[in-house]
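# Please find the sequence and the predicted model below.
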Amino acid sequence: MQRKRWADFSTAQKIGVIIGATIQFGLLAAGLWDLAHRTADEVRGDRRFWAGFMFVNWIGPMAYFAYGRKSCPLGAWRCGTEEPVVVEETGQFDEVPAV
């Protein structure tokens, strides 16, 4: 079986490849940027491991965002680690301070 060349793909297949590659590189860039802006205390495990592992297609960046970061971007209580804090004056949820 001969490999397909770019010219052999249909327009829909080319668009699909471009969209998939854009998402993949976007996840990689976001993960590396996030890792570069976190201290070692905010990352589970070795930062060098996560930096290398993020280059494994879709799995690397998604694993980093799911398991590699200690803090949850939605607030600790939304990730199941803390209870929500309600500010009495407004009745709105507030961020739980790190302990």
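Ah, there it is.

# Please name the residues that touch Asp41.
Asp41 makes contact with Lys70, according to C-beta atoms under 8 Å, 6 or more residues apart in numbering. All C-beta atoms are positioned from the backbone trio N, CA, C, and that covers glycine.

# Check the burial of the nearest residue to Phe9 once chain neighbours are set aside by counting its neighbours.
Closest residue to Phe9 apart from its sequence neighbours, by C-beta to C-beta, 6 or more residues apart in numbering: Val17 at 7.1 Å. Number of residues near Val17 (other C-beta atoms under 10 Å) recorded here: 12.

# cool, and the one 10 residues further on?
Leu27: 18 surrounding residues under other C-beta under 10 Å.

# what are the phi and psi angles of it?
phi -60, psi -40 (degrees, to the nearest 10).

# ok, and the closest non-adjacent residue to it?
Per C-beta to C-beta, 6+ apart, closest to Leu27 is Pro61, 3.8 Å.
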